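Student: I'll drop the sequence and a predicted model, then ask my questions.
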2 protein chains.
Amino acid sequence: MPVFQRAVIVGVGLLGGSIGMALRRRGLANQVVGTGRRIQSLLEASSLGAITEHTCDLSAACAKADLVVICTPVQSITDYVKQVAACSLANNALITDVGSTKGRICADLPDSVHKYFCGSHPMAGSENSGVRFASDHLFEDRLTIVTPTRTTPKILTERTEQLWQSLGCRTVLMSPQQHDCSIARVSHLPHLIAAALAGQTADDLLALTGPGWRDTTRVAAGNVELWRQIITDNRLPVLESLRDFTNSLQQWISTLENDDQSQLIELLQRGKQQRDQASGAAHHAQPDGTN
Amino acid sequence: MPVFQRAVIVGVGLLGGSIGMALRRRGLANQVVGTGRRIQSLLEASSLGAITEHTCDLSAACAKADLVVICTPVQSITDYVKQVAACSLANNALITDVGSTKGRICADLPDSVHKYFCGSHPMAGSENSGVRFASDHLFEDRLTIVTPTRTTPKILTERTEQLWQSLGCRTVLMSPQQHDCSIARVSHLPHLIAAALAGQTADDLLALTGPGWRDTTRVAAGNVELWRQIITDNRLPVLESLRDFTNSLQQWISTLENDDQSQLIELLQRGKQQRDQASGAAHHAQPDGTN
């Protein structure tokens, strides 16, 4: 991976801060510039070593930048990409993002921007937000989905993949639409189920919750506004996956109503099999129960 | 807590092994006898220091025992309690268990047994089973629900609470029925939801799963036969909680269908509030995401 002269992080929170830290630790960027609206976050990022300099002025941050990573909430990404593309970037600049949705973001961008921009979604993060939770290890052994459109130059797609690989990720290519349908099922649906489960737990039962309930609902502790934007952006695929899920719960209900033991075993086995396979599919990147 | 002369663990797996280790480390028992059907498990428990002696002969194990803890799958507990109560126990013997269900177990016991037996359910464990995952810390800062019936002598209930407190637990008293209805919602329902979510994830999506999916589905990796027994034992309360949950998902579906932003915010906030409160209710015994 060639070293970036001037990498810019727009929105230095958990993900942006972790990118800055990883770029610095791995010697991948000479300058790591943090920018965003809140000076307090930039000062905190600076004191934590996530960035080497900071400014609230986006144009100043992006002047001669050869890498810009947009790490803001999903509904601001399109605007930021347009603004960044209008700055005096270096000739070979790459703009990418870390948004959890891709279809609307890519569709809303004008064609002219696609020569700079290739979307990406690192499957990392946690229910915590803020640069104080950032870590230079956050991306190691994680998967990043890179989502070129039909107009993205091949070289830009390759450079986006190289960026994430240089931060320790595996990468996979998908269209923005394929990304959104897949991620609805493996990320957005689980969030919504966790929130529904936590939300319907009565107050007097909260003190009885053990590790099972707490793991199953962990993601529900995430930032409400970030998740409102994600679910709204990806509303129709999420709705479809939720309808499918309620249908599968109907099967559990009839199994219990009929006390159908062989069906109960089959349902439990199917769940265990997919869970065990997923651990395998992730190459045991993280030991179960600790990630 | 008075030291036990001879503590017997029936079924030395994750929970039984952890009880043995904790009794030994805390100097709470002079002898810790492991018993069960499989000599291989007993030898492994012995080599890991979970027990001081072992035998496959239940009567020999229980001779003069003043504590017997049944740590077998739930559908065997009643039989074991009856068998143990018929052994030559010490006069002041206490029999308890660690089963995840309580109503049927207590109802199936003859009155004569209740002078020895008081049920309990430590809210600890993991998706792993087997003594190799046992730990002398497993019960620290956990909650154990103790479930006396109307015929349990008060002194026996107190001694059962003292036992768990001496292993590091907080304790709470409930009737067996109240236990089952509560635990259906905070433990059995989450298991079933995790299994349903994992089970309906298509093979080609497994490689895309990140920490959110993996936490939400972690418990689905648990032992199928143990969970078949638990869900079957507590079928009607689990069914009721599952029906309530599918009703709450209907609310999410209509919220998404109508793109009702204020309702979406309310649902997400409610989930986050209950999740955050549960972390508080558990006195931050375990940092989020690691338990």
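Tutor: Structure's in. What do you need?

Student: when you work out contacts or count neighbours from here on, use the C-alpha atoms and nothing else.
Tutor: Noted.

Student: where along chain A do the helices fall?
Tutor: A:14-25, A:39-47, A:58-62, A:74-85, A:103-107, A:154-166, A:176-183, A:189-199, A:211-217, A:224-233, A:235-257, A:261-281 (DSSP state H).

Student: show me which residues of the stretch 1-150 of chain A are close to chain B?
Tutor: A:123-126, A:142-143 (C-alpha under 8 Å from any C-alpha of the partner chain).

Student: which ones among those residues are found in strands?
Tutor: A:Leu143 (DSSP state E).

Student: got the contact list for A:Ser59?
Tutor: Shown in contact with A:Ser59 (C-alpha atoms under 8 Å, 6 or more residues apart in numbering or on different chains): A:84, A:87-88.

Student: one more time with 7 Å
Tutor: A:Cys87 (C-alpha atoms under 7 Å, 6 or more residues apart in numbering or on different chains).

Student: relative to B:Leu143, how far out is it?
Tutor: 55 Å (C-alpha to C-alpha, to the nearest Å).

Student: what sits up against stretch A:87-103?
Tutor: Residues contacting stretch A:87-103 (C-alpha under 7 Å, 6+ apart): A:59, A:62-71, A:74, A:116-122, A:176-177, A:179-180, A:230, A:233-234.

Student: A:Gln5: what's its closest spatial neighbour, skipping adjacent residues?
Tutor: A:Asn30 (5.1 Å; C-alpha to C-alpha, 6 or more residues apart in numbering or on different chains).

Student: what does A:Ile51 give?
Tutor: A:Val32 (5.0 Å).

Student: what is the one you found paired to in the beta sheet?
Tutor: Beta-bridge partners of A:Val32, counted by DSSP bridges, are A:Ala7.

Student: pretty sure it contacts A:Ala7?
Tutor: Yes - when contacts are counted by C-alpha atoms under 7 Å, A:Val32 is listed as touching A:Ala7 (4.9 Å).

Student: what do the two both touch?
Tutor: With C-alpha under 7 Å, 6+ apart as the test, A:Val32 and A:Ala7 reach no residue in common.

Student: for the residue in the stretch 1-150 of chain A positioned nearest to chain B, phi and psi?
Tutor: Per C-alpha to the nearest C-alpha, the residue of the stretch 1-150 of chain A with the smallest distance to chain B is A:Met123, at 5.5 Å. In terms of degrees, to the nearest 10, the main-chain angles of A:Met123 are phi -80, psi 70.

Student: pretty sure it is touching A:Arg142, no?
Tutor: Yes - in this structure A:Met123 lies within contact range of A:Arg142 using C-alpha under 7 Å: 6.2 Å.

Student: ok, these two, which is more surrounded?
Tutor: Neighbours were counted for A:Met123 and for A:Arg142 using other C-alpha atoms under 10 Å in any protein chain shown; A:Arg142 has more, 26 against 23.

Student: so what's that one up against?
Tutor: A:123-124, A:169-170.

Student: try it again with 6 Å
Tutor: The neighbours of A:Arg142, taking C-alpha atoms under 6 Å, 6 or more residues apart in numbering or on different chains as the test, are A:Cys169.

Student: buried members of the contacts of stretch A:87-103 into PyMOL, please.
Tutor: Selecting only the buried entries of the contacts of stretch A:87-103 in PyMOL, with 16 or more other C-alpha atoms under 10 Å in any protein chain shown as the criterion:
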select buried, chain A and resi 59+62+64+65+66+67+68+69+70+71+74+116+117+118+119+120+121+122+176+177+179+180+230+233+234
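
Student: spell out which parts of the stretch 151-291 of chain A neighbour chain B.
Tutor: When proximity is defined by C-alpha under 6 Å from any C-alpha of the partner chain, the stretch 151-291 of chain A lies next to chain B at A:186, A:190, A:195, A:198-199, A:206-207, A:209-211, A:213, A:215-216, A:220-221, A:224, A:268, A:270-272, A:274-275, A:278, A:281-282, A:290-291.

Student: neighbours of the closest residue to A:Asp66 other than its chain neighbours, how many?
Tutor: Take A:Asp66 and drop its neighbours on the chain: the residue closest to it by C-alpha to C-alpha, 6+ apart is A:Ala93, 4.0 Å away. Neighbour count of A:Ala93, defined by other C-alpha under 10 Å: 22.

Student: and A:Ile155, by the same measure?
Tutor: 10.

Student: that one and chain B: what is the separation?
Tutor: Between A:Ile155 and chain B the computed distance is 24 Å (C-alpha to the nearest C-alpha, to the nearest Å).

Student: quick one, grab the pLDDT at A:Ser126.
Tutor: Turning to A:Ser126, the model gives it a pLDDT of 77.

Student: and A:Lys115, by the same measure?
Tutor: For A:Lys115, the model assigns a pLDDT of 89.

Student: pLDDT below threshold where in the stretch 1-150 of chain A?
Tutor: A:1-2 (pLDDT under 70).

Student: same thing but 80
Tutor: Along the stretch 1-150 of chain A, segments meeting pLDDT under 80 span A:1-2, A:126-127.

Student: got the phi/psi numbers for A:Leu109?
Tutor: Residue torsions, per degrees, to the nearest 10, at A:Leu109 are phi -90, psi 140.

Student: got any ranges where the stretch 151-291 of chain A has weak pLDDT?
Tutor: Ranges of the stretch 151-291 of chain A meeting pLDDT under 80: A:280-291.

Student: recalculate using a threshold of 50.
Tutor: A:283-291 (pLDDT under 50).

Student: neighbours of A:Leu226, how many?
Tutor: Neighbours of A:Leu226 (other C-alpha under 10 Å): 15.

Student: for it, list the residues it contacts.
Tutor: Taking C-alpha under 6 Å, 6+ apart as the test, what A:Leu226 contacts is A:Pro73.

Student: report the separation between it and A:Asp97.
Tutor: 15 Å.

Student: nearest residue to A:Val98 other than its sequence neighbours?
Tutor: A:Val98 sits nearest to A:His121 (C-alpha to C-alpha, 6+ apart), 4.7 Å away.

Student: looking at it, the one you found is touching A:Pro148, isn't it?
Tutor: No - the pair A:His121 / A:Pro148 is not scored as a contact, 11.5 Å apart, by C-alpha atoms under 6 Å.
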